[in-house]
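1. When you get a sec, could you give me coordinates for this:
(2 chains)
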Amino acid sequence: MADQTLDAKGLNCPLPILKAKKAITALPPGGTLEVLATDPGAVKDFAAFSRTTGHELIEQTVEGNVYRFVLKRKA
Amino acid sequence: MADASGTKSMSIIVTKGTLDWAYPPMILSTTAAAMGLNVTLFFTFYGLTLLLKNPDLKMSPLGNPAMKMPMMGGHMGMPNILSMIPGVDAGASLMMKDMMKKKGVASFEELRTLALESDVRMIACQMTMDLFEYTQDDMIPGIEIGGAATYIEVATQSDINLFI
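-> Numbering: from 1, shown residues only, chains lettered A, B, ... in the order given. I've put the predicted structure just below:
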């Protein structure tokens, strides 16, 4: 279970990333953020966001048209 | 060139002020800032429009054969001559804004606010302000005014420099 969930369903690029950045920065180091998105571009974008920022992408699943990402705030 | 703390940076020269051209600099700058980069935007010529308090952005299908709007299951371009009719450009702009809203695309103003909130540095070109007779009062708060040398200094220190 992630510490916090961000519902970014229906939002288009770059809003899911921008909102995720805001939410993860509000967490303590090591805290986890679950992001739900329907933008198919989010799959590549969250991977790139994770590699560039160092916030680890620890889970990634898809259910129907909803993509789910779990990010862990870097220490 | 990352600075001493390892932070990377990006600069963009923003030269266009129509609704369609307003998006790339705002999307890239907000995203880069979210990914930890220091970002500077330098607004010159028609790009200056994007800093106005009430920019009321418009676009025109005139001379833009690539602008095909989704319509009745297909895509339709607009003949240049239609753009001459008063109200057609305004209508096309409204249609685009409406389409963006429906597809969950942020409005330009929303992205601009997000950019300022994430410390994207915005510099208005002094020369263009004089040329088009704008004062700082016409512009949103939180911006700086500078010239070419100000931009070049930023560019020499940036990892990514773009011209839009």
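
2. SS state for the residue of chain A at minimum distance from chain B?
-> Using CB to the nearest CB, residue A:21 is the residue of chain A that sits closest to chain B, at 3.7 Å. Bear in mind the C-beta positions are built from the backbone N, C-alpha and C, glycine included. Secondary structure state of residue A:21, per DSSP: H, G, I helix; E, B strand; the rest coil, is helix.

3. Report how many residues lie close to it.
-> Residue A:21: 24 surrounding residues under other CB atoms under 10 Å in any protein chain shown.

4. How about it: what's its closest non-neighbour residue?
-> Spatially, and ignoring its direct neighbours in sequence, residue A:21 is nearest to residue B:34 (3.7 Å; CB to CB, 6 or more residues apart in numbering or on different chains).

5. quick one, helices of chain B?
-> Ranges of helices within chain B are B:19-34, B:88-102, B:108-117, B:126-131, B:148-156, based on DSSP state H.

6. Buried residues in the third one, which are they?
-> Judged by neighbour count using 16 or more other CB atoms under 10 Å in any protein chain shown, the buried positions of helix B:108-117 are B:108, B:111-116.

7. likewise stretch B:72-91?
-> Neighbour-count burial for stretch B:72-91, counted by 16+ other CB under 10 Å, picks out B:78, B:88-89.

8. In CSV, list the C-alpha atoms belonging to that stretch.
-> Extracted in CSV, the C-alpha atoms of stretch B:72-91 (Å, rounded to 0.1, in the frame of the first residue of the first chain):
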residue,chain,number,x,y,z
MET,B,72,-17.2,13.8,-38.2
GLY,B,73,-14.9,10.9,-37.7
GLY,B,74,-12.3,12.3,-40.1
HIS,B,75,-9.9,15.2,-40.2
MET,B,76,-10.6,18.4,-42.0
GLY,B,77,-8.3,21.2,-43.0
MET,B,78,-9.6,24.7,-43.7
PRO,B,79,-9.0,26.5,-47.0
ASN,B,80,-6.9,29.6,-46.6
ILE,B,81,-9.7,31.9,-47.9
LEU,B,82,-11.9,31.0,-44.9
SER,B,83,-9.4,32.7,-42.6
MET,B,84,-10.2,36.0,-44.3
ILE,B,85,-13.8,35.9,-43.0
PRO,B,86,-14.1,37.8,-39.7
GLY,B,87,-14.7,35.4,-36.8
VAL,B,88,-13.2,32.3,-38.4
ASP,B,89,-9.9,32.5,-36.7
ALA,B,90,-11.6,33.3,-33.4
GLY,B,91,-13.9,30.3,-33.9
